[in-house]
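Colleague: generate a structure from the sequence data that follows.
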Amino acid sequence: MRTPRSTYRLQLTPEFTFDDARAQLPYLAKLGVDWVYLSPILQSTTGSQHGYDVVDATRVDEARGGREGFERFARAAHDAGLGVLVDIVPNHMGIAVPRENPWWWDVLAHGREAEHADFFDIDWDAADGRVLVPVVGDDDMPQAPGDPIAHLEVDRDAGVLRYWDLELPLAPGSADDGADAREVHRRQHYRLVHWRVGDWALNYRRFFTITTLAGLRVEDERVFDAAHAEILRWVREGLVDGLRIDHPDGLRDPAGYLRRLREATGGVYVSVEKILEPGEELPDDWACEGTTGYDALGEFERVMIAPDGLDDLGAFAASLSTRDTDDWPTLVHAMKREVTDEPLQAELARVARELAADGIEGDGVVDALAEIAASMPVYRTYLPHGEEIVRRAAVDAADWRPDLRGELERLVPVLTDPRRAAALRWQQTTGMVMAKAVEDRAFYRWSRLTSLNEVGGDPASGALAPDAFHEAQRRRHERRPLAQTALTTHDTKRSEDTRARIDVLAEIADEWADALDELLDIAPLPNRGFANLVWQAVIGAWPASRERLHAYVEKAAREAGDITTWTAIDAEYEAALHRAVDAAFDHPAARAIVARLNERVTPAGDSNSLVLKAMQLLAPGVPDVYQGTELWDRSLVDPDNRRRVDWFARAAALDAVTKGARPEIDETGAAKLMVVTAALRLRRRAPERFDEYTPLEVTGPAAEHAIAFDRGGVVLVGTRLPIGLAEGGGWFDTRVHLPEGEWVDQLSGREAHGAASVAALLAELPLSILARR
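Modeller: Below is the predicted model of the structure:
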């Protein structure tokens, strides 16, 4: 099996095609990248900017260049010595435009008798043998029983039922007699319903709450084969060297799926987008090399944070809020109950229907299911692994709701039995609850230090001491040395450089509190806790355009959902948020505060960014570089983190570094690119120097401000808590005890050995990458 030494993620779009990506391969090879890592490339919905809404699994996306474009790209990558890793989406398919998805069109046209009826996870009996399609708007609903849906028409020539611009197939013979639209609609294998019905009565599995992404049944061998035929051709033809599996937690049997995939591919490299909660391990029976790296991201971040300041920020955040959910566990529980009682009610109702088949019925069943889901500490279990987690969650659920104790006791034996369909369905559901409640709600309400509000992390956790960080790296090296690691992805809430700047606030907690009070006096917001999150985003992403920040605060506020939402917009509240953003640019005092904070944060934030990147690139695992982040990238949540990359600027900076330039740390970000290319080239040129992990001893008055480790011939020495270091007077006689031999700094050319002076090593940069001579 060919394995990567590093990866570089590219987001392919209709505007950035295979040929555009191919044009950047010489640059990526020169940068030191080992494998190129592509976003999904199967045919997706017209105009899709991400590719996760595949509509046809049998062909490569035409807008991105089609099969021919992909073949040209893959050949060029391999000719350049680069491997190819491709993201695939086995859990669901896009159905927003039914005609574009031939399998879904077949199901809508022929119902239960369709050739592809078993491809999708549909509960036919729950809607009298029909598929519910939740698309009807408020103004188009029938005003009285028997009234038709407004704007519904039959086009017999085209063979479709049309609602506005949505076209759906007519069942054979259903419109031959001249019946009106209401009657023709009644004869179909689907039923158009109000869009909110998706929340409480939808009868097909979806991706989280997105009704335009329908769940696939890849546990069925026939579905697996059809959904992977084109993908397996890529493997057989040598076009790809590895696969990244999107959202395995949505699958009925992730371990079984990965076993089948490994057999079908002959054992190519596989990385899974599995979100591990702190302390959780990837199941040993998963046939893959590891996760995509969110777990590593949290380790890198937390070791760079000042623990005392983090506590101060927590106290300050609590003082801003009047909610009764101000501790993290209570907030998470409340958010989980919100999503189980509202947008994910249909999913729990389906579990309840399967429980009824096991003789468990009653008015309290759905409520009890919701309470256990709200008490789950992880996304899901993989029975028989995790039985104790479900039992513990049921005990905790009874503490929250003693009135449900009897129902909970009835549920546990079924929910922990992998032979029961309800248990398997339940496992697919709890991950949805965690994702929607935590990632898409709680993360936007918890404002202590928002750089910790990241997928797979615990925002309420403390800073990570260097010893604990080293132990986590040792464990990764021993257990999953080929697992990917990440600092930024297409799904991170804030990019690595944005988070690195926000991390600094834990070193200046009092200054931050004073500044936020001033900003709130200038631009008052009714939710002061959310204001904390907003202004942290402003400082983290600064300098950011007004337009970017306006888009961010609107999305963040609606995701938080406590005052305004996507479906119930509070215009007055959102106007106040936009006034706050405008104040950062237009109000003299606010502008001065932002400038003052930026001046304070930037040097330390830049230091954090460089050290974080070097740690990730040199620590155990397979480091991924998200497109463009080799220069500064102060992005916020999507779509902000999917902006076009300025490849010319990056190529020019790389040319200068390659010719011997040693850029200063400035707004160009060239210093970061110098660190990235030095680390990537080392990994590619000398993989034998990354076969171990040993923490290095640092002694002296500023030892707590250093992080140092040896990979077996490559050493990193980096700065942590740079403001505290400066305020303490610097490194003085702090020394790092290098392994035997002579060492050369790959950034400065400086030589070192023995008990080396940290002050000398880090005289120009906050880190040193040393290679044994």
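Colleague: so the residue nearest to the spatial centre of the chain, which of the three states?
Modeller: By C-alpha atoms, centre = their mean, the chain has its centre lying nearest to D491, at 3.4 Å. Counting by DSSP: H, G, I helix; E, B strand; the rest coil, the backbone at D491 sits in coil.
Colleague: try L716
Modeller: strand.
Colleague: the closest residue to it other than its chain neighbours - how many residues pack around it?
Modeller: Nearest residue to L716, sequence neighbours excluded (C-beta to C-beta, 6 or more residues apart in numbering): L618, at 4.9 Å. In this view, the C-beta of every residue, glycine as well, is placed from N, C-alpha and C. Residues lying near L618 (other C-beta atoms under 10 Å) number 26.
Colleague: which ones are touching L618?
Modeller: Applying C-beta atoms under 8 Å, 6 or more residues apart in numbering to L618 gives the contacts A679, L682, R683, F690, F709, R711, V714, L716, I769.
Colleague: got a markdown table for the residues you listed, with neighbour count too?
Modeller: Formatted as a markdown table, the contacts of L618 follow (neighbours: other C-beta atoms under 10 Å):
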| residue | neighbour count |
| --- | --- |
| A679 | 26 |
| L682 | 22 |
| R683 | 22 |
| F690 | 20 |
| F709 | 23 |
| R711 | 22 |
| V714 | 20 |
| L716 | 21 |
| I769 | 24 |
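Colleague: filter these down to just the ones in strands.
Modeller: The strands, defined by DSSP state E, take in F709, V714, L716, I769 from the contacts of L618.
Colleague: distance of the last one from R750?
Modeller: Yep, that's I769 we're talking about. 11 Å (C-beta to C-beta, to the nearest Å).
Colleague: cool, and G129?
Modeller: G129 is 75 Å from R750, by C-beta to C-beta.
Colleague: look at the two and report which has more neighbours.
Modeller: R750 (16 against 10).
Colleague: can you pull the pLDDT of the more buried one?
Modeller: What the model reports as pLDDT for R750 is 95.
Colleague: is it true that it touches A759?
Modeller: No - the criterion here is C-beta atoms under 8 Å, and R750 misses it with A759 at 11.8 Å.
Colleague: tell me the contacts of P102?
Modeller: D56.
Colleague: name the helices or strands packed onto the helix or strand of the chain with the lowest mean pLDDT?
Modeller: Of all helical and strand segments in the chain, the minimum by mean pLDDT, DSSP states H and E falls on helix 197-200, at a mean of 90. Applying 3 or more C-beta pairs under 8 Å, 6 or more residues apart in numbering; DSSP states H and E, we find helix 197-200 packed against strand 131-136, helix 345-356.
Colleague: buried residues, the following helix or strand past the first one. List them.
Modeller: Put plainly, it is strand 131-136. Later in the chain than strand 131-136, the nearest helix or strand by DSSP states H and E is strand 152-155. Within strand 152-155, the residues that count as buried by 16 or more other C-beta atoms under 10 Å are L152, V154.
Colleague: and the contacts of strand 152-155?
Modeller: 140, 160-163, 167, 170, 175, 179-182, 184-185, 192.
Colleague: what about that strand, distance to the chain center?
Modeller: Taking C-alpha atoms, centre = their mean, to the nearest Å, the mean C-alpha location of strand 152-155 is offset from the chain mean by 40 Å.
Colleague: parallel or antiparallel, list what pairs with the helix or strand following that strand.
Modeller: For strand 152-155, the following helix or strand on the C-terminal side (DSSP H and E) is strand 160-163. Note on strand 160-163: by DSSP bridges, its sheet partners are strand 152-155 (antiparallel), strand 166-169 (antiparallel).
Colleague: contacts for strand 160-163 next, please.
Modeller: 135-136, 140, 149, 151-155, 167-170, 175, 181, 184-185, 188, 192.
Colleague: what about the longest helix seen in the chain, average pLDDT?
Modeller: Ranked by residue count and defined by DSSP state H, the top helix of the chain is helix 588-618. Averaging pLDDT along helix 588-618 yields 98.
Colleague: now swap in stretch 510-518 and tell me
Modeller: Rounded mean pLDDT across stretch 510-518 is 98.
Colleague: in it, what counts as buried?
Modeller: Buried residues in stretch 510-518 (16+ other C-beta under 10 Å): W512, A513, A515, L516.
Colleague: which pair in these spans the largest distance?
Modeller: Comparing all pairs in those by C-beta to C-beta, the longest separation belongs to A513 and A515, at 7.4 Å.
Colleague: H116: which element?
Modeller: With DSSP H and E as the test, H116 turns up in no helix or strand.
Colleague: how many other residues sit next to it?
Modeller: 17.
Colleague: helix, strand or coil for the residue nearest to it when sequence neighbours are not counted?
Modeller: Nearest residue to H116 in three dimensions, chain neighbours excluded: W103, at 4.1 Å (C-beta to C-beta, 6+ apart). Following three-state DSSP, we place W103 in the helix state.
Colleague: let me see the contact set for W103.
Modeller: Applying C-beta under 8 Å, 6+ apart, the residues near W103 are M93, H116, F119, F120.
Colleague: now swap in R5 and tell me
Modeller: D34, W35, V622, R683, R684, P687, F690.
Colleague: show me what contacts the second one?
Modeller: Contact criterion C-beta under 8 Å, 6+ apart gives P4, R5, S6, T7, Y8, L82, G83, V84, L85, D241, G242 as the residues in contact with W35.
Colleague: what's the burial count for V33?
Modeller: V33, neighbours per other C-beta under 10 Å, totals 31.
Colleague: for the one 10 residues further on, same thing?
Modeller: One way to gauge burial is a neighbour count; for Q43, by other C-beta under 10 Å, it gives 25.
Colleague: quick check: pLDDT value at it.
Modeller: On the pLDDT scale, Q43 gets 98.
Colleague: give me the element the closest residue to M615 other than its chain neighbours is part of.
Modeller: Leaving aside its chain neighbours, M615 sits nearest to F300 (5.4 Å; criterion: C-beta to C-beta, 6+ apart). Of the helices and strands defined by DSSP H and E, F300 is found in helix 294-302.
Colleague: and for Y37?
Modeller: Using DSSP H and E, Y37 falls in strand 35-38.
Colleague: could I get the CA-only coordinates of that strand as CSV?
Modeller: Extracted in CSV, the C-alpha atoms of strand 35-38 (Å, rounded to 0.1, in the frame of the first residue of the first chain):
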residue,chain,number,x,y,z
TRP,A,35,-0.1,13.7,-2.2
VAL,A,36,-2.8,16.0,-3.6
TYR,A,37,-6.1,15.6,-1.8
LEU,A,38,-9.3,16.4,-3.8
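Colleague: just checking: what are the partner strands of whichever helix or strand comes after that strand?
Modeller: The helix or strand immediately downstream of strand 35-38 is strand 42-44, counting by DSSP H and E. Listed by DSSP bridges, the sheet partners of strand 42-44 and their directions read strand 54-60 (antiparallel).
Colleague: tell me the one of the contacts of strand 152-155 nearest S319?
Modeller: D140 (47.3 Å).
Colleague: how close does that closest one sit to P148?
Modeller: 9 Å.
Colleague: one more: D241?
Modeller: 55 Å.
Colleague: what about A74, how many neighbours?
Modeller: Under the criterion other C-beta under 10 Å, the count of neighbours that A74 has is 24.
Colleague: and A296, what is it in contact with?
Modeller: Contacts of A296 (C-beta under 8 Å, 6+ apart): R476, A483, T485, A486, Q616, A619, G621.
Colleague: which of the residues you listed fall within strands?
Modeller: T485.
Colleague: show me which of the contacts of A296 is closest to R236.
Modeller: Of the contacts of A296, the one sitting nearest to R236 (C-beta to C-beta) turns out to be A483, at 25.9 Å.
Colleague: the residue nearest to R323 when sequence neighbours are not counted: neighbouring residues, count only.
Modeller: Spatially, and ignoring its direct neighbours in sequence, R323 is nearest to G529 (7.4 Å; C-beta to C-beta, 6+ apart). Residues lying near G529 (other C-beta under 10 Å) number 21.
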